[in-house]
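Q: Here is a sequence together with a model predicted from it:
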Amino acid sequence: MTEIRISGGAVHDPANDVDGEVRDVCLKDGKVVEDVDPGARRIDARGMVVMAGGVDIHAHIAGPKVNAARKLSPEDRRDDPIERTGVLRSGSGGLVPSTFATGYRYSLLGYTTVVEAAAPPLAARHVLSELRDTPMIDKAFLILMGNNQVLFELIRESGGAVSAQLRDAVAWWLEATGAYGVKLVNPGGVELWKRDNGNVHSLDDEVAGLGVTPRQVLSAIGGAVDELGLPHPVHVHANNLGVPGNADTTLDTMRTLAGRRAHLAHLQFHCYGGKPDGLPRSRAPELIEYLSGHPELTADVGQVMFGPAVTMTADASVSAVLRDLDGGKWINHDTEVETGCGIVPYRYRASNYVHALQWGIGLELFLLGRDPWQVMLSTDHPNGGSFLSYPKLIRLLMDRAFREDQMGRANQRAIRRTALLDGLDREYTLNEIAIITRAGPARRLGLRDKGHLGIGADADVTIYHDRADREEMFATPRYVIKGGEVAVEEGDLRRSDDGVLYSSRAAFDPEVGGVLEPLFGERYTVVFEHYPVRDPALREPARIVEAAAR
Ligand SMILES: [Zn+2]
């Protein structure tokens, strides 16, 4: 394997308290090491910025909804072909790129680890197949557990408390699918949508006929994940996404989870004041204040970027609302007894009051958050915009003049209803960017070898020209090193890498199979013994992160 000395760069490694110090970083056998042989390849990084590879904690890159989105919008990809080269395979780009193109483009952006944030467990084979086909990045996926009828049965029996059976069931599901973590999406609400296009509106609404409430699902599953000690805490897409006034539900959700570790997905979509049938306003300052006071909670922002997007969510009722607004194409896809899904191509317009407010709320969260370790960068790709817009978002955070120029172009009534005009002059530093794009997500995911450059870390490194235009800087890294080998140089992909799959594992009593099997028999179309993914080509090799029971 190549030995590399990255010499003379300004290193931004906040996990190890390194803030722009000029020092060498040595790589050997896929790891950061103390020193390398004098004959090692030397990369002259003088005048450049050195960070760990980027880590995306919340994106949608694989599985049935992603594939359905590709089919729904062929026009989005028609004009963005990717040619085969001696090293690379062909593909198509657009908002929802093909698998190969997804890996290539993340790598060209300096990202080396990406989490698919919402996979139906029943579709684990599909998700694994696509992730295995996504090169250049290490990856993991979270499975949806917030609307599963079998789990509802266990939660009803426990009265919403964490039971040994629930813990075992959660661990069994991870084992059965190869997933890394647990996602809850609009707990209870998706089941009602599938039944009669209904929804829940508060955490104490009963999910009709099933004897559980969203609050019970949150505390039972969130508690089980916490007590199992999974490397990543429960990842929550709260109820009432996008609904004016949903800030109350979000606060209630945070209070229900508080005291336990939890991650709130795309918080921007959950920070709205106003009446449900009226225009939203921002309650971001209040929510970020609550989050700042609860270090056990973290969030990614889900920033909206003006321009095209594809909304894809397990929260299928949201897609119906968007489709009614937009009048365009729509897919609704139920996954029998465990989740749902909706897809609507979308466009965020700077002149539109709601879109400009959403844009402003995302920025409020970033700029008002006290601890960057709690507030991570995401656009909920491709829901708020493509991951390719991250460099522009970074510029919005780092460059106040640019931000004010962009604010001037957005709907002024909306901007006036945010805190952005209240002298919010914060500019993110390079170390803060390193926190929200790699160190923070890696720590929250429990990926100890990611997101930093300490001895023993994975040799995933991104080297940027230190340019005044931060968008250009972060869009075109000078080098990207993946697993100790140079993957990107001068904007070109130089080699292909399969990337590693991460799964997590927690011990469980195998007797839980005897509990689950009859419940499966009554509900699923899939026979219990056929449900777990056993195919080694899909499951192995994987890096397994063991739970540390609490
Ligand atoms: Zn998402």
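A: Great, that's in hand. Numbering: from 1, shown residues only.

Q: Spell out which residues of the chain are next to the ion.
A: Contact residues, the chain versus the ion (C-beta under 5 Å from the ion): Ala117, Asp380. Placement of C-beta: from N, CA and C, glycine included.

Q: quick one: low-confidence ranges for the chain?
A: 1, 550 (pLDDT under 70).

Q: In contact with the closest residue to the ion within it, which residues?
A: Nearest to the ion in the chain, going by C-beta to the ion, is Asp380, at a distance of 4.3 Å. The contact partners of Asp380, taken as C-beta atoms under 8 Å, 6 or more residues apart in numbering, are His58, Ala59, His60, Ala117, Ala265, His266, Phe269, Asp300, Gly302.

Q: Need the contact partners of stretch 465-476.
A: 10, 47-49, 109-110, 390-392, 394-395, 398-399, 433, 464, 478, 491.

Q: Spell out for me the PyMOL command that would select the buried members of those residues.
A: Burial among these is assessed by 16 or more other C-beta atoms under 10 Å; the matching PyMOL selection reads:
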select buried, resi 10+48+49+109+110+390+391+392+394+395+398+399+433+464+478
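
Q: For the spatially most central residue of the chain, which three-state class applies?
A: Centrality entry for the chain: nearest residue to the mean C-alpha point is His58, 0.4 Å, by C-alpha atoms, centre = their mean. Classification of His58 by DSSP: H, G, I helix; E, B strand; the rest coil places it in strand.

Q: how close does it sit to Ile143?
A: Note on His58: its distance to Ile143, by C-beta to C-beta, to the nearest Å, is 14 Å.

Q: again with Pro536
A: For Pro536, the distance to Ile143 (C-beta to C-beta) stands at 20 Å.

Q: out of these two, which sits in the more crowded spot?
A: Looking at Pro536 and Ile143 with other C-beta atoms under 10 Å, you find the greater number of neighbours at Ile143, namely 27 against 8.

Q: How far does stretch 261-270 sit from its chain's centre?
A: Remark: stretch 261-270 is offset 10 Å from the chain centroid, using C-alpha atoms, centre = their mean, to the nearest Å.

Q: Leaving out the residues flanking it, which one is nearest to Pro233?
A: Arg261 (3.7 Å; C-beta to C-beta, 6 or more residues apart in numbering).

Q: Tell me if I'm right that the one you found and His235 touch.
A: No - assessed by C-beta atoms under 8 Å, Arg261 is found out of contact with His235, at 10.7 Å.

Q: Look at those two and report which has more neighbours.
A: Set side by side, Arg261 and His235 show more neighbours around His235, with 28 against 19, by other C-beta under 10 Å.

Q: you'd agree the more buried one is in a helix?
A: No - counting by three-state DSSP, His235 is not found in a helix; it is strand.

Q: Let me see the contact set for it.
A: Shown in contact with His235 (C-beta under 8 Å, 6+ apart): His58, Ala117, Leu142, Gly181, Val182, Lys183, Leu184, Ala262, His263, Ala265.

Q: Who does the third one form a beta bridge with?
A: Right, the one you point to is Leu142. Judged by DSSP bridges, the bridge partners of Leu142 are Gly181.

Q: So what does Val212 look like in phi/psi?
A: phi -130, psi 160 (degrees, to the nearest 10).

Q: Revised request: answer the last question for Ala10.
A: Main-chain dihedrals, Ala10, degrees, to the nearest 10: phi -80, psi 110.

Q: Then Val32?
A: The phi/psi pair for Val32 (degrees, to the nearest 10) reads phi -80, psi 130.

Q: That one and Gly451: what is the separation?
A: 12 Å.

Q: neighbour-wise, which of these two wins?
A: Comparing Val32 with Gly451 by other C-beta under 10 Å, the one with more neighbours is Gly451, at 30 against 23.

Q: Please look at that one and Ala442 and confirm they touch.
A: Yes - using C-beta under 8 Å, Gly451 makes contact with Ala442 at a distance of 2.5 Å.

Q: Just say helix, strand or coil for the residue of the chain closest to the ion.
A: coil.

Q: returning to that earlier point: let's see which of the contacts of stretch 465-476 end up in strands.
A: In strands, judged by DSSP state E, the following of the contacts of stretch 465-476 are found: Ala10, Met48, Val49, Tyr464.

Q: Look up which residues are beta-bridged to the third one.
A: It stands for Val49. Ala10, Tyr464.

Q: Look at Gly456 and say how many residues are nearby.
A: 11.

Q: excluding its backbone neighbours, what's nearest it?
A: Gly456 sits nearest to Lys31 (C-beta to C-beta, 6+ apart), 6.0 Å away.

Q: State the phi and psi torsions of Val344.
A: Phi and psi for Val344, reported as degrees, to the nearest 10, are phi -140, psi 120.

Q: Pull the contacting residues for it.
A: Val344 is in contact with Val310, Thr311, Ser319, Leu322, Arg323, Asp326, Gly328, Lys329, Trp330, Ile331, counting by C-beta under 8 Å, 6+ apart.

Q: Equivalent analysis for Ile394, please.
A: Contacts for Ile394 (C-beta under 8 Å, 6+ apart) come out as Leu377, Tyr428, Ile433, Thr437, Arg470, Glu471, Phe474.

Q: Find the nearest non-adjacent residue to it, please.
A: Of all residues not flanking Ile394 in the chain, Phe474 sits nearest, at 4.9 Å (C-beta to C-beta, 6+ apart).

Q: Give me the distance between that neighbour and His381.
A: According to C-beta to C-beta, Phe474 and His381 sit 15 Å apart.

Q: now do Pro64
A: Between Pro64 and His381 the distance, using C-beta to C-beta, works out to 17 Å.

Q: Same drill for those two, tell me which one is more crowded.
A: More neighbours surround His381 than the other of Pro64 and His381, with 27 against 17 (other C-beta under 10 Å).

Q: wait, doesn't His270 sit right on Leu264?
A: Yes - the pair His270 and Leu264 passes the contact test of C-beta under 8 Å, sitting 7.2 Å apart.

Q: The two - which one has more neighbours?
A: Remark: of His270 and Leu264, His270 carries more neighbours, 29 against 24, as counted by other C-beta under 10 Å.

Q: got the contact list for the nearest residue to the more buried one once chain neighbours are set aside?
A: Spatially, and ignoring its direct neighbours in sequence, His270 is nearest to Thr250 (4.1 Å; C-beta to C-beta, 6+ apart). By C-beta under 8 Å, 6+ apart, the residues touching Thr250 are Ala238, Asn240, Leu264, Leu267, His270, Cys271, Leu287.

Q: Go through those and say which is closest to Val337.
A: For the contacts of Thr250, the residue nearest Val337 by C-beta to C-beta is Ala238; the value is 22.2 Å.

Q: In three-state terms, how would the spatially closest residue to that closest one that is not a sequence neighbour be classified?
A: Leaving aside its chain neighbours, Ala238 sits nearest to Thr253 (4.4 Å; criterion: C-beta to C-beta, 6+ apart). Following three-state DSSP, Thr253 is assigned to helix.
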